[in-house]
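J.: Provide a 3D model corresponding to the input given below.
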Amino acid sequence: MRSRDCDGIILAAGLASRMGGEKLMHDIGGEPLVRRAVRNALEACARVIVVVGHSADVVGEAIGDLDRSRLVITRNRDYRAGMLGSIQTGLREVSTRWFFVVPGDMPEVVPRIYAAVSGAIGESEESEGPAEAGERSVRAVVPYYRGTRGHPVLIHRGLIAEVLSEPPEGGPMRELIERHPVRRIELEEQAITLDIDTEEAYRAYLERFNGGDLSSG
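T.: From the prediction side, this is the model:
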């Protein structure tokens, strides 16, 4: 399956309490972190759904001039309740059979990574039809880098109703996914585990970025 057949949800609503300030506005190569993440997703996905909350206007301005024909900005007004509520906000906008979820502070999740994750779904699994006898249909694909769980996570729309039935302050999405058959794939892409959630992580990232030790997407 192609990543271009899937919507992507970018989570950009959180308080960034571990980093402080406008985390998603931190500069990377002359553009805000969140813009880089959204731009990568737009190059890979059918549409990109950006969930905003804290600093919604600032985030919206940073990405507002990107391809609005394929960009949906939606606000989670209860963003303080936790990440699950933001995921639920994004789910209400999904229009494709499969969709990605990725935090907005992961600037190196580039198109080839989206393609690798979506490529784990075979043609027989793309439809809504039943699984073969004795099998349960895969409902999510989760990438790992050397044993560490990463993003983007690819999810089947068949889980949307179940996720929306949970309270917004409920447990992590990982626990909901694990109730269903999950395909785990190993990628030699450290970027799938690289989130920038502290000043130390940001400085370390810039050192590698400026040294040419990271993909430019």
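J.: need the pLDDT of residue 171.
T.: pLDDT, residue 171: 84.
J.: isn't it up against residue 84?
T.: Yes. Counting by Cβ atoms under 8 Å, residue 171 touches residue 84, with 7.2 Å between them. Heads up, the C-betas are built off the backbone N, CA and C, glycines and all.
J.: those two: which is more packed in?
T.: residue 84 (19 against 11; other Cβ atoms under 10 Å).
J.: what's the helix or strand for that one?
T.: helix 83-91 (DSSP states H and E).
J.: once you drop chain neighbours, what's closest to residue 115?
T.: residue 3 (4.9 Å; Cβ to Cβ, 6 or more residues apart in numbering).
J.: please report the distance of the residue nearest to residue 15 when sequence neighbours are not counted from residue 204.
T.: The shortest distance from residue 15 to any non-neighbouring residue, by Cβ to Cβ, 6+ apart, is to residue 54 (5.0 Å). For residue 54, the distance to residue 204 equals 24 Å [Cβ to Cβ, to the nearest Å].
J.: and for residue 179?
T.: Using Cβ to Cβ, residue 179 is found at 35 Å from residue 204.
J.: one more: residue 154?
T.: Taken as Cβ to Cβ, the span from residue 154 to residue 204 is 28 Å.
J.: residue 179 and residue 204: which has the busier surroundings?
T.: residue 204 (13 against 10).
J.: please identify the helix or strand for the more buried one.
T.: Counting by DSSP H and E, residue 204 is found in helix 199-210.
J.: try residue 102
T.: strand 98-103.
J.: what's the mean pLDDT across that strand?
T.: pLDDT averaged over strand 98-103 gives 98.
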